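A.B. asks: here's my sequence, what's the structure:
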Amino acid sequence: AVRNPIDVLATATISQVLELLPHLDHSDEIDFIILLYGSTGMEDLEQVLPHLTDAIQACKKPVYLVLPSVNSAQRAIQQAAAEMPVFFDEVHLAKALGKLRYDPVPDATDLLPPHATPAHSARLLPEETTINWLQHAHILFAPHKLITNVKALYKTGELHFPFAAKSTGLIHKSERDAVVLNIRHLHDLEDAVKHLLAIEGSTGVMVQEMVGGVELYAGIKRIDDLGYALYFGQGGIGVELQKAFVSTLLPVSEKELRGLLEHFKPRALLEGYRGHPPVSKDHLVALLHNLSNLVLQHPEIAELDLNPIMAKGETLVVVDARIML
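C.D. replies: Modelled structure (predicted):
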């Protein structure tokens, strides 16, 4: 039965499974184990699953647990899922294994950024390092200048009005009144910089050119036991207030990203919104793919937000970015 890749033991009690797992784990002919354990009504899953999860975690080989009895044993399954990855049917497991088998591993040759220096007072990566990471991942950031005093303003001659100015070193800028938009005159810029530098916790000011287009959002978050999840949606406050986003687990292929965009409900944002040209899906898919590759190569990243991304035709420019370690 061990040589049969489809079924080892069709009907087994928990005691039989617990006895069988160590034998499979020590077999040189087995690479991984799929354990599909459903509720037969003969055993109480709430009592069984703690023993099962302990046995799985003791295995050296990967054990993929499938618990299809979602309705009859929901509480027990949720407890198991809090300790280890759980699939709720064999189809989802098969798709996940297929992705691991056939999706190419990202080539990190040109995605590795310069040495990153974490922020001293928090887990927030400094803005300058964040921008360098994005640029090495071929993600365009708005033209900008980082300054730490008012005198440095006069070295921003390569930038063109109107400007946006925002404090650096802060996690939630809008809530701290740390963003000033549509600055059209030098004296207004001076006032804005003085205000932003005076905000508690501000480490400096980023002055950047205002960029037009449709506001989009892309983010990645590490989820315990599941790896990374990629989110895409409407930018600005829309992603929080309207919950207008779609998501998927990483790794993800460009083909899967195209399918993900098809499920994005505010499709009008991408197809020509309020006089804006349609957003190039090819360029959008490329941005999301580059972003996912960057995070997969840097597991120290806990969370990444690009909000907003200003999109106009084939041009996608990140206006604000945040990386948490």
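A.B. asks: ok so residue 53 is a strand residue?
C.D. replies: No: if the criterion is DSSP: H, G, I helix; E, B strand; the rest coil, then residue 53 is helix and not within a strand.
A.B. asks: any idea how far it is from residue 17?
C.D. replies: 12 Å (Cβ to Cβ, to the nearest Å). All C-beta spots, glycine's among them, are computed from the backbone N, C-alpha and C.
A.B. asks: likewise for residue 182?
C.D. replies: Applying Cβ to Cβ, one obtains 65 Å for the distance of residue 182 from residue 17.
A.B. asks: of those two, which one has the most company?
C.D. replies: residue 17 (18 against 10; other Cβ atoms under 10 Å).
A.B. asks: hang on, isn't the more buried one packed against residue 38?
C.D. replies: No: contact status for residue 17 versus residue 38: not in contact, 11.9 Å apart, counting by Cβ atoms under 8 Å.
A.B. asks: in the stretch 201-325 of the chain, where is pLDDT below threshold?
C.D. replies: Across the stretch 201-325 of the chain, the ranges flagged by pLDDT under 70 are 225, 238-243.
A.B. asks: all strands in it, in order from the N-terminus.
C.D. replies: Along the stretch 201-325 of the chain, the stretches classed as strands by DSSP state E, counting those that start in this stretch are 204-209, 214-223, 227-234, 245-249, 303-312, 315-318, 321-324.
A.B. asks: looking at the ones you listed, which is closest to residue 292?
C.D. replies: Across the strands of the stretch 201-325 of the chain, residue 292 has its closest neighbour in strand 227-234 (5.5 Å, Cβ to Cβ).
A.B. asks: give me the helices and strands touching the closest one, please.
C.D. replies: strand 214-223, strand 245-249, helix 281-296 (3 or more Cβ pairs under 8 Å, 6 or more residues apart in numbering; DSSP states H and E).
A.B. asks: for the longest one, output the C-alpha coordinates as CSV.
C.D. replies: Taking Å, rounded to 0.1, in the frame of the first residue of the first chain, the C-alpha atoms of helix 281-296 are listed here in CSV:
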residue,chain,number,x,y,z
LYS,A,281,-3.5,45.3,-18.1
ASP,A,282,-0.1,44.1,-19.4
HIS,A,283,1.7,46.7,-17.5
LEU,A,284,-0.5,46.2,-14.4
VAL,A,285,0.1,42.5,-14.4
ALA,A,286,3.9,43.2,-14.8
LEU,A,287,3.8,45.5,-11.8
LEU,A,288,1.9,43.0,-9.6
HIS,A,289,4.2,40.2,-10.7
ASN,A,290,7.4,42.2,-10.0
LEU,A,291,6.0,43.1,-6.6
SER,A,292,5.2,39.5,-5.7
ASN,A,293,8.7,38.4,-6.8
LEU,A,294,10.3,41.1,-4.7
VAL,A,295,8.5,39.9,-1.5
LEU,A,296,9.1,36.3,-2.1
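A.B. asks: re the thing from before, now the helices and strands packed on strand 227-234 as a markdown table including distance to residue 24?
C.D. replies: A markdown table is the format used below for those (distance: least, Cβ to Cβ, whole Å):
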| stretch | distance to residue 24 |
| --- | --- |
| strand 214-223 | 28 |
| strand 245-249 | 27 |
| helix 281-296 | 30 |
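A.B. asks: among the ones you listed, which is nearest residue 302?
C.D. replies: Smallest distance to residue 302 across the helices and strands packed on strand 227-234 (Cβ to Cβ): 5.1 Å, for strand 214-223.
A.B. asks: can you list the buried residues in the closest one?
C.D. replies: 214-222 (16 or more other Cβ atoms under 10 Å).
A.B. asks: ditto for stretch 273-292
C.D. replies: Going by 16+ other Cβ under 10 Å, stretch 273-292 has these buried residues: 273, 276, 279-280, 284-292.
A.B. asks: mind checking how far that stretch is from the chain centre?
C.D. replies: Relative to the centre of its chain, stretch 273-292 is centred 17 Å away, using Cα atoms, centre = their mean, to the nearest Å.
A.B. asks: ok, stretch 221-231 next?
C.D. replies: Distance, centroid of stretch 221-231 to centroid of chain: 6 Å (Cα atoms, centre = their mean).
A.B. asks: can you mark which positions in that stretch are buried?
C.D. replies: Those would be 221-222, 228, 230-231, for stretch 221-231 by 16+ other Cβ under 10 Å.
A.B. asks: strands along the stretch 1-150 of the chain, start to end?
C.D. replies: 33-36, 63-66, 86-87, 144-147.
A.B. asks: before we move on, back to that, format the strands of the stretch 201-325 of the chain as CSV; extra columns: distance to residue 81.
C.D. replies: Output for the strands of the stretch 201-325 of the chain, formatted as CSV (distance: least, Cβ to Cβ, whole Å):
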stretch, distance to residue 81
strand 204-209, 41
strand 214-223, 11
strand 227-234, 14
strand 245-249, 14
strand 303-312, 21
strand 315-318, 34
strand 321-324, 24
